[in-house]
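Student: coords please:
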Amino acid sequence: FFILCFYSLLNPCVPSPTPWSLDRGNWTGRLDFLLSCIGYCVGLGNVWRFPYRAYTNGGGAFLVPYFIMLAICGIPIFFMELSLGQFSSLGPLAVWKISPLFKGVGMGTILIVSLVAIYYNMIIAYVLFYLFASLTSDLPWQHCGNWWNTELCLDHHVLRAGNSSLPINISNTVSPSEEYWSRYVLHIQGSSGIGDPGRIRWNLCLCLLLSWTIVYLCILKGVKSSGKVVYFTATFPYLILVMLLIRGVTLEGAWKGIQFYLTPQFDHLLSSKVWIEAALQIFYSLGVGFGGLLTFASYNTFHQNIYRDTFIVTLGNAITSILAGFAIFSVLGYMSQELGVPVNQVAKAGPGLAFVVYPQAMTMLPLSPFWSFLFFFMLLTLGLDSQFAFMETIVTAVTDEFPYYLRPKKASFSAVICIALFLMGLILTTEGGMYWLVLLDDYSAGFGLMVVVITTCLVVTRVYGMKRFCRDIHMMLGFKPGSYFRACWMVLSPATMMALLVYNIVKYQPSEYGNYQFPTWAEALGILMGVLSCLMIPLGMVVAVLQEEGTLWERVQQASRPAMGWGPALEENRSGAYVASLAGSQSPKPLMVHMRKYGGITSYENTAIEVDREMEEEEEEESMI
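Tutor: As a prediction, this is how the structure comes out:
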């Protein structure tokens, strides 16, 4: 796979887009793109990261920096990625015809997405495991006394039945759900650390195989199949979330949890950590930099209103995170009251919330298997949407580089990618697999992803040019981005992301899982994962410069300019200078193509006339200079 990508660096001249872009395909319905973006952005992080980050960073006051960072970083970068994909109809690798010198950015993106796809599908496998375990009349993590339990296991049901008037002392004890997760599901006691993975857990291996099979079947026909699946997977989680929310707020003690979640502590706003946490939540929640947004937008029609879609998806994602916080903390408040302990002693983030705390809370409810099944089915649909995007990004990126070879065999190529990533993920199904998953989670999409996004922003605005980029958007949407977007793209967004990058480096902390500290070689391996994605950028620059002629500076200048094939994929969407780069085009203006096909001039043709006039004026000014 990476040999193919490196070969594309050595052969950057992709054939003319006209012959093959018509066979590339588009979304089959108007809502396909919008629901795919919603499903991609609204994922597991909305459920197990946002609520925890909110209550630890000022409660309701956290919403202030959260929405400010959404406006500064989230919305502008989101719109930029959609614009690049829709304008060019190209994936994350081929889109760098915009400036071949930086094609290594696309390589770094694919490397990051591949690593994330490996461990993200393992999380889906855990969800499938719990989903099947919920199909019983008595949840297996409800009581102690099983072979995997230890003497530290504390069965809260038994204690409450014996003397419900006394609070329960849970110090130095372990809940049945925690031992079920660590000792039965993971069987982590069979491993001494990351260097001792132990045996493969075949039940987890089968769940991982099932999850990859589901993903493959859903992306089998590209966006034509995944675009229909998201009608269910992107909408059904909201139904379950509302059901869990209604059930949660009707529980005794629910308000205690909600109050703990949202009570504003405005003094936290004076801490830089809170603002950094808000920016990180926006950065990863919207999925910018992973190539998924760019890939989805590349299957749009040229005039799709992505400006409207940007605000729908980004604001919808934020509202979903807040709503999930109510659903989670209402149940945690009930759990806190039942156990007689503060809410902060039961609240956790990440897998601890999804596979320990919330399952334990489900055992305290009537019809616990039903609510457990709904919760894990919601997590399954949330996870699958994001995994679809990761896989579509990888497949689209490579097939766009080799359209004549791979596009007719896209289904087979997708199967090869799924099998390869499944085999690489087998290490995660071992008894020490959780250590590897934590390492991948901490480093695969860390500072390397920030470097990729910062570079993309700077290349589009500085190298390609803000004026040219706004003109491209004008061609698509009929209007230019306002001063808000231009200010964010030029200054605010890259400056904020640079601050995030510096903060992550300065505040670097070694990975850990519980009380386990990762050895030095594992930390070095993790750092190498992040550095490798960054090294793709200078590697791509060296290859691009070597392929040009002239002095070193002349080579750099030539490689930084857009390639001949850059521009809209279809002839009728090309205007001005983009006509000259269209191989085989005989008409001076694509406007005549429109008139022949449609018998008149539409608003978008008027836009093309305006853009042509602007470009002619710019050419006259340059010639005078």
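
Student: Quick one: residues contacting the residue positioned nearest the centre of the chain.
Tutor: Nearest residue to the geometric centre of the chain (CA atoms, centre = their mean): G287, 3.3 Å. G287 makes contact with Y40, C41, G43, L293, S386, A389 under the criterion CB atoms under 8 Å, 6 or more residues apart in numbering. Yep, even glycine has a C-beta here, placed from its N, CA and C like the rest.

Student: Distance check, it against G108.
Tutor: G287 sits at a distance of 16 Å from G108 (criterion: CB to CB, to the nearest Å).

Student: before we move on, the earlier item: could you dump the contacts of G287 to a markdown table with distance to L528, neighbour count and pLDDT?
Tutor: Putting the contacts of G287 into a markdown table (distance: CB to CB, whole Å; neighbours: other CB atoms under 10 Å; pLDDT from 0 to 100) gives the following:
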| residue | distance to L528 | neighbour count | pLDDT |
| --- | --- | --- | --- |
| Y40 | 28 | 27 | 92 |
| C41 | 29 | 28 | 92 |
| G43 | 26 | 25 | 87 |
| L293 | 27 | 30 | 94 |
| S386 | 25 | 26 | 92 |
| A389 | 26 | 28 | 92 |
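
Student: Next step: those residues restricted to strands.
Tutor: Counting by DSSP state E, these place none of their members in strands.

Student: ok, which pair from these is furthest apart?
Tutor: Using CB to CB, these span at most 13.2 Å, a distance reached by G43 and L293.

Student: circling back: okay, and the residue nearest to the centre of the chain sits in which element?
Tutor: Using DSSP states H and E, G287 sits within no helix or strand.

Student: residues contacting L210?
Tutor: L210 touches A125, L128, counting by CB under 8 Å, 6+ apart.

Student: Try it again at 6 Å.
Tutor: L128 (CB atoms under 6 Å, 6 or more residues apart in numbering).

Student: From L293, how far off is it?
Tutor: Relative to L293, and taking CB to CB, L210 is found at 28 Å.

Student: Going by distance to F67, which of the contacts of G287 wins?
Tutor: C41 (15.7 Å).

Student: isn't that closest one right next to L286, touching?
Tutor: Yes: if you go by CB atoms under 6 Å, C41 and L286 touch, sitting 5.3 Å apart.

Student: rewinding a little: I'd like to know how far the residue nearest to the centre of the chain sits from V453.
Tutor: 11 Å.

Student: got it, and T520?
Tutor: 29 Å.

Student: And those two? Which one has more around it.
Tutor: Counted by other CB atoms under 10 Å, T520 and V453 do not tie: V453 has more neighbours, with 25 against 9.

Student: List the residues that contact the more buried one.
Tutor: Contacts of V453 by CB under 6 Å, 6+ apart are V288, G289, M497.

Student: what's the spacing between stretch 321-340 and its chain's center?
Tutor: Centroid displacement of stretch 321-340 relative to its chain, using CA atoms, centre = their mean, to the nearest Å, is 26 Å.

Student: Just the residues contacting that stretch, thanks.
Tutor: 46-47, 50-51, 54, 167-168, 241, 244-245, 248-249, 251, 253-254, 256-258, 261, 343, 346-347, 361, 364.
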